[in-house]
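Enquirer: Kindly return the folded structure for what I paste below:
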Amino acid sequence: MKAIWNGQVIAESNETVVIEGNHYFPESSVKKEFLVPSTTETVCHWKGKANYYSLNIGGKENKDAVWFYSNPSELARAIKGKVAFWKGVEIVK
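Expert: Predicted coordinates:
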């Protein structure tokens, strides 16, 4: 699977985990030079607290387009150490 935005592959892995229709990529598969830390936090009633990164590629920003759970609940332990994408990030095989 590949995560692509603004013409750039952001992440690529054969080991994604799919939860609620979202592919969670291993952190090690993400090109970290495109990630900008965000202060945004949200809470999922069953996964726990999510944190975010924005993307910055070619001078374009996609705010909070990447999310992750640093300490997911026991029910969501499969996504620990993984990130997911939205806000126009294309996920393809």
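
Enquirer: how many other residues sit next to the closest residue to Trp5 other than its chain neighbours?
Expert: Closest residue to Trp5 apart from its sequence neighbours, by CB to CB, 6 or more residues apart in numbering: Val89 at 4.5 Å. Quick note: C-beta positions are derived from backbone N, CA and C, even for glycine. For Val89, the count of nearby residues is 17 (other CB atoms under 10 Å).

Enquirer: ok, now which ones touch Val89?
Expert: Applying CB atoms under 8 Å, 6 or more residues apart in numbering to Val89 gives the contacts Ala3, Ile4, Trp5, Ile10, Leu55, Asn62, Ala65, Val66.

Enquirer: in this structure, which residue is closest to the centre?
Expert: The C-alpha lying nearest the average C-alpha coordinate of the chain belongs to Ala84 (CA atoms, centre = their mean; 2.6 Å).

Enquirer: Past the helix or strand containing that residue, which element shows up next along the chain?
Expert: Here Ala84 sits within strand 82-85, counting by DSSP states H and E. Following strand 82-85 in sequence order, the next helix or strand is strand 90-92 (DSSP H and E).

Enquirer: returning to what we had before: just checking, which of the contacts of Val89 belong to strands?
Expert: Per DSSP state E, strands hold the following members of these: Ala3, Ile4, Trp5, Ile10, Leu55, Asn62, Ala65, Val66.

Enquirer: So what's the residue count around the third one?
Expert: Trp5: 20 surrounding residues under other CB under 10 Å.

Enquirer: One more: the fifth one?
Expert: Using other CB under 10 Å, the number of residues around Leu55 comes to 24.

Enquirer: nearest spatial neighbour of it, skipping sequence neighbours?
Expert: Per CB to CB, 6+ apart, closest to Leu55 is Asn62, 4.2 Å.

Enquirer: I'd assumed Gln8 was in contact with the one you found.
Expert: No. If you go by CB atoms under 8 Å, Asn62 and Gln8 don't touch, sitting 11.0 Å apart.

Enquirer: Under the pLDDT cut-off, which ranges of this protein? List them.
Expert: Residue ranges of the chain with pLDDT under 70: none are present.

Enquirer: Appreciated, that's everything.
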